Structure formats: C-alpha cells, structure tokens
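Visitor: need a 3D model of the sequence below.
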Amino acid sequence: MTMAWAVVPAPQPIQQLTVAVTDDGVAFVAFGGDADVLATAARRAGRRLVADAAETEEAVDQLGDYLAGRRQAFDLPLDWGLFAATQRIVLGTLYDGVGYGETVTYGELARKSGVFDGDDGVLGARAVGSIMGANPIPVIVPCHRVLAVGGLGGFGGGLATKRWLLELEGSLPPALDFGE
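Guide: Here you go, the predicted model:
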C-alpha cells in the first residue's frame, strides 16, 4: 500500500505545505517540506511513500485554491486512519461544525464534541489543545480555527501562520504592516 505525496507552494509565512494521499483520501498535511515528518506518517500508516502527481493533483489544487482565497471549503475524501478514536471525534466535530471564517475556543470544542466528562472545562480545553497539536491534516481539518479564550492559543505551523490563515478567512482583522 502506498501514500502519494506532493509539495504545495504557499504564500508567506507558510512557504509550502506537504500533502499525502492514500487510496482512502488525504491522510497528511504538514507545514514545510520535512521529509522525516512525512516518512514517519507513512510508517505509522503502514504505507510506502511515492511521489505521484496524479494521485495528489486534486488535493494540491484545492489547497492552492484555498491559500489563494479562491476556495472556502474542501471536498476531498479524508483518510481518518491516522486518528485515535477520541481524536477522530473531536477533529470530526471541528471539521463538520466550524466553517470558513468561524472560530471556536478549545473549551467550546471540548463541549461540542461531547467526549470530555465532567464540568472541568480546563481539562477538556487542554485535551482539545493536545488533539489540535497532533492533527495530521491541518488546514483541511481546520485546527487554526480553534482559539484560546484570551487569544490565539498555539499552532503547529507557528502563530504567524495561524494569524495569516485567520486573516485569509476574515475571522481576524489583518495585522498592521509597519514596513520592513
């Protein structure tokens, strides 16, 4: 079984994304072109990596259109096989319920997903934060739309990338540019 991959050019601050696709759908998106991260994902999925432009063409096109502001939703099949059960529920809730230009807090997503027991919103929010940090399909499964109560929160692609994605979607006002 294989995992086809390709690099998607992206504007600053992202520069590029690496996308990997299996027979079941998009399985992996990473910021940058780190071959080690991609190889680890393929090993975890029990797949052999192949560079295959035909297999990745639709994912590359849709990601490129999104990053250029021409697409607001993805209609790609996703390979949820790299997700643990709780991670799948939380990320599925995010994917299905928080659309383009919308945001949600970590605590709100914990409650909406229904997987965290008790009234301790702090523990649920922290658990969601860990799940967002381990999301193998960022951008398409939009973990950048999950915010801390008091600000942006963290992001695996870096805070400048999170801010840029939120500005692209219009859910965060553009930062002032004071020149170089």
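Visitor: I'd like to know which elements the helix or strand of the chain with the lowest mean pLDDT is packed against.
Guide: Ranked by mean pLDDT, DSSP states H and E, the weakest helix or strand in the chain is helix 35-44, scoring a mean of 78. Judged by 3 or more Cβ pairs under 8 Å, 6 or more residues apart in numbering; DSSP states H and E, helix 35-44 is in contact with strand 2-9, strand 16-22, strand 25-31, strand 48-51. Backbone N, C-alpha and C define where each C-beta goes, glycine included.
Visitor: could you pull out the helices for this structure?
Guide: With helices called from DSSP state H, the chain shows them at 35-44, 53-67, 85-97, 106-113, 121-133, 159-168.
Visitor: quick one: residues contacting the residue nearest the centre of the chain.
Guide: The chain has Pro138 as the residue nearest its centroid, 1.1 Å off, counting by Cα atoms, centre = their mean. Residues in contact with Pro138 (Cβ atoms under 8 Å, 6 or more residues apart in numbering) are Val29, Ala30, Phe31, His144, Gly156, Gly157.
Visitor: wait, the fifth one sits on Phe31?
Guide: This points to Gly156. Yes: Gly156 sits in contact with Phe31 when judged by Cβ atoms under 8 Å, with a separation of 6.9 Å.
Visitor: where in the chain is pLDDT low?
Guide: 34-35, 117-122, 175-180 (pLDDT under 70).
Visitor: what about Gly156 and Phe31, which has more around it?
Guide: Shown here are Gly156 and Phe31; by other Cβ atoms under 10 Å, Phe31 has more neighbours (20 against 15).
Visitor: how far away is that one from Ala134?
Guide: 14 Å (Cβ to Cβ, to the nearest Å).
Visitor: and what of Val26?
Guide: For Val26, the distance to Ala134 (Cβ to Cβ) stands at 16 Å.
Visitor: when those two are compared, which one has more neighbours?
Guide: Val26 (25 against 14).
Visitor: for Phe155, which non-adjacent residue is closest in space?
Guide: Excluding the flanking residues, the one nearest Phe155 by Cβ to Cβ, 6 or more residues apart in numbering is Lys162, at 3.8 Å.
Visitor: just give me the neighbour total for the one you found.
Guide: 23.
Visitor: tell me the contacts of it?
Guide: His144, Leu152, Gly153, Phe155.
Visitor: can I see the domain layout of this protein?
Guide: 2-67, 83-168 (automatic domain parsing).
Visitor: got CSV for the ones you listed, with distance to Asp75 too?
Guide: Shown next, in CSV, are the domains of the chain (distance: least, Cβ to Cβ, whole Å):
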stretch, distance to Asp75
domain 2-67, 7
domain 83-168, 10
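Visitor: for the ones you listed, which one sits closest to Leu76?
Guide: domain 2-67 (5.2 Å; Cβ to Cβ).
Visitor: quick one: end-to-end length of the closest one, please.
Guide: Terminal residues of domain 2-67 lie 27 Å apart, using Cα to Cα, to the nearest Å.
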